[in-house]
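Student: Sequence and predicted structure, then a few things I'm wondering about:
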Amino acid sequence: MFKVSPSLLTLTIFFPLFWGSLSLWLPNKWRASFFCTFAFLGSLITCILSLFLYQGFSGETGAFEWVHSRLWLRDFGIYYEVGVDGMSLWLILLTTFFVPFAILCSLSSVQKQVKSYYFLLLALETGMLGAFASLDLFLFYIFWEAMLIPMYFLIGIWGGKERIYASMKFFLYTLVGSLLMLSAIFYLGYEQVVQAGYHSMKFSDLLQLKLEGGYFFLNPQNLLFLGFALAFAIKVPLFPFHTWLPDAHVQAPTAGSVILASILLKMGGYGFLRFAFPLFPQAVMYFQPLFMGLGAFAIVYGAWIALAQTDMKKLVAYSSVSHMGYVILGLFSLNESGMMGAYYQMLNHGLTAGALFLMVGMLYERSHTREIAAFGGLARVMPWFCVFFFLVTLSAVALPGTSSFIGEFLILLGAWQTAPFWSALGASGVIFGAVYMLTFFEKVALGPDGKQKGMGDLSLREIGLLVPLVVAIFSMGFCPNFFFSKMKSSFGRTQQIFQKHF
């Protein structure tokens, strides 16, 4: 087995920020294509570093590997502590895999303030990687908030006509949830001092706390869980905290939409799995029916609203609300099938939604409109585009052989074991999802000729962006055990926590 130093994880996390900072020192007079290439090279190096992490990962025991720990703030017991297990490994790889795509898709569309744009993309990558790897709750909060700032500026500066409104809405929604989570983290730190006699924000120490007392609903576990859950539900986003997402997607540049859909939305599901479930198991079981109901409702609600959209980005945005509803439904089934299916669905949604937003961006660059009614018969003028569009549509409707099928099947199987009614309601979303996606494809690719004339087919760069995504979608569909083998032990340890309380 290839051995790596724990510091390699830290290098992987902070290298994008370092590389992006270097670009700020380059002369402004250089062409935008150079800055894009420079940023792409930095993201590619980060991706290679993450592959070394994967190569040295065993995943046999479910324990954290490559833990890199240094005391940071002694008086408060705050550590810089990062590590990787089966839950974080694939999300780290998904992040380093997608950022190069986000950079390359900006080559022709971003021509102003290019140095700042690519710096913010790389800084955002550092924030996302740090959040997935953090094993100290205060450190996790720092990275959680650090992600907010670059995305706020990416939407607010390079977004559409309503970019200021969308960026402020995104900022305020996320900030409110984050402050409640911070309050809960501080309370856990206080309990750590009371119960153990020393300061610590380390996840491993806080797991030992006994959070008891209170009356009925108003007990520490329930209240602390809600503080975390609101922050994570907003990020998912879970109904009724989803309204920021369509605005952010519509106004964001293509790269912003790709990263939002592919990675940032996964922070909520990951937060539930990593922190809320192990720290507050009794509260999770108390609120299980509520969250399973909200997840099932989000599946149907998102699909119905997507069917009514006339803007391509809004349609894909509401489809994300529906697909992330599956994630919540699976997570709160609290069994191995549901939780692993939910995790797999997060990975799949990252690939599928990311590819859809890339293709919407390609059409917008050619036509400067996202209205579905403006297109039609694209199969006759953009055949290669429609081939990729069709393959990604198959994934979006969970056709067997695609990654979506594996995730949704396991989610519904796990949910059926826990709550058959919510599982049946969620299963109806498969039908509604097929309706809006196939209708979308039919109108754009096979319908009567639209108003857009003379649009060229995909360039080699655009084909190069889409081929790896389609390969990944079908690889996950045909070879799921390759992915499950690395994460099964970690999910087993989480499930053991709930088995103690059943």
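Tutor: It's in.
Student: Would you state the strands of this protein in chain order?
Tutor: If DSSP state E is used as the criterion, the strands of the chain fall at 65-73, 78-84.
Student: Make JSON lines out of these and add mean pLDDT.
Tutor: Output for those, formatted as JSON lines (pLDDT from 0 to 100):
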{"stretch": "strand 65-73", "mean pLDDT": "86"}
{"stretch": "strand 78-84", "mean pLDDT": "91"}
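Student: do you know which of these lies nearest Gly414?
Tutor: strand 78-84 (24.7 Å; C-beta to C-beta). The way it works is simple: take the backbone N, C-alpha and C, and place the C-beta from them, glycine included.
Student: buried ones in that closest one?
Tutor: Ile78, Tyr79, Tyr80, Glu81, Val82, Gly83, Val84 (16 or more other C-beta atoms under 10 Å).
Student: Put together CSV for those, with distance to Val397 on each row.
Tutor: Formatted as CSV, the buried residues of strand 78-84 follow (distance: C-beta to C-beta, whole Å):
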residue, distance to Val397
Ile78, 46
Tyr79, 45
Tyr80, 44
Glu81, 42
Val82, 38
Gly83, 37
Val84, 33
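Student: about what we covered before: relative to Phe138, which of the strands of the chain is closest?
Tutor: Set against Phe138 and scored by C-beta to C-beta, the strands of the chain come closest in strand 78-84, at 4.8 Å.
Student: what is the orientation angle of that closest one with strand 65-73?
Tutor: Using axes from the mean of the first three to the mean of the last three C-alpha atoms, to 10 degrees, one finds that strand 78-84 and strand 65-73 are set 170 degrees apart in direction.
Student: what's strand 78-84 in contact with?
Tutor: Strand 78-84 has contacts (C-beta atoms under 8 Å, 6 or more residues apart in numbering) with 6, 9-10, 13, 53, 57, 64-72, 92, 130, 133-136, 138-139, 199-203.
Student: Off-centre distance for it?
Tutor: 21 Å (C-alpha atoms, centre = their mean, to the nearest Å).
Student: how near is Phe239 to Phe478?
Tutor: Applying C-beta to C-beta, to the nearest Å, the value for Phe239 to Phe478 is 33 Å.
Student: quick one, what contacts Met181?
Tutor: Applying C-beta under 8 Å, 6+ apart, the residues contacting Met181 are Tyr141, Trp144, Gly227, Phe228, Leu230, Ala231.
Student: 7 Å - rerun?
Tutor: Tyr141, Gly227, Phe228, Ala231 (C-beta atoms under 7 Å, 6 or more residues apart in numbering).
Student: so where's the stretch 401-502 of the chain shaky on pLDDT?
Tutor: Under the criterion pLDDT under 70, the flagged ranges of the stretch 401-502 of the chain are 450-454, 498-502.
Student: let's see 80
Tutor: 447-455, 489-502 (pLDDT under 80).
Student: top helix in the protein by residue count?
Tutor: helix 163-196 (DSSP state H).
Student: ends of stretch 199-210, how far apart?
Tutor: Start-to-end span of stretch 199-210 (C-alpha to C-alpha, to the nearest Å) is 16 Å.
Student: Buried residues, it. List them.
Tutor: If you call a residue buried by 16+ other C-beta under 10 Å, then stretch 199-210 has these buried ones: His199, Ser200, Met201, Lys202, Phe203, Asp205, Leu206, Leu209.
Student: Return the per-residue confidence for the residue lying closest to the last one once chain neighbours are set aside.
Tutor: The spatial neighbour of Leu209 that comes closest, neighbours along the chain excluded (C-beta to C-beta, 6 or more residues apart in numbering), is Glu191 at 5.3 Å. Reading off the per-residue confidence, Glu191 sits at a pLDDT of 88.
Student: for Thr310, same thing?
Tutor: For Thr310, the pLDDT comes out at 88.
Student: these two touch, right, it and Glu371?
Tutor: Yes. Between Thr310 and Glu371 there is a contact under C-beta atoms under 7 Å: 5.9 Å.
Student: before we move on, the earlier item: in terms of neighbours, single out the busier of Phe239 and Phe478.
Tutor: Phe239 (21 against 12; other C-beta atoms under 10 Å).
Student: ok, now which ones touch that one?
Tutor: Phe239 makes contact with Leu294, Phe297, Ala298, Tyr301, Val321, according to C-beta under 7 Å, 6+ apart.
Student: quick one on the thing from earlier: reformat the strands of the chain into a markdown table and put distance to Ala317 next to each item.
Tutor: What follows is the strands of the chain, written out as a markdown table (distance: least, C-beta to C-beta, whole Å):
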| stretch | distance to Ala317 |
| --- | --- |
| strand 65-73 | 36 |
| strand 78-84 | 30 |
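Student: Select, out of those strands, the one closest to Arg163.
Tutor: Evaluated over the strands of the chain, closeness to Arg163 peaks at strand 78-84, with 33.4 Å, by C-beta to C-beta.
Student: re the thing from before, do I have it right that the residue nearest to Leu209 meets Lys210?
Tutor: No. Judged on C-beta under 7 Å, Glu191 makes no contact with Lys210 at a distance of 8.6 Å.
Student: Out of the buried residues of strand 78-84, which comes closest to Phe35?
Tutor: Of all the buried residues of strand 78-84, Val82 has the smallest distance to Phe35: 29.3 Å, by C-beta to C-beta.
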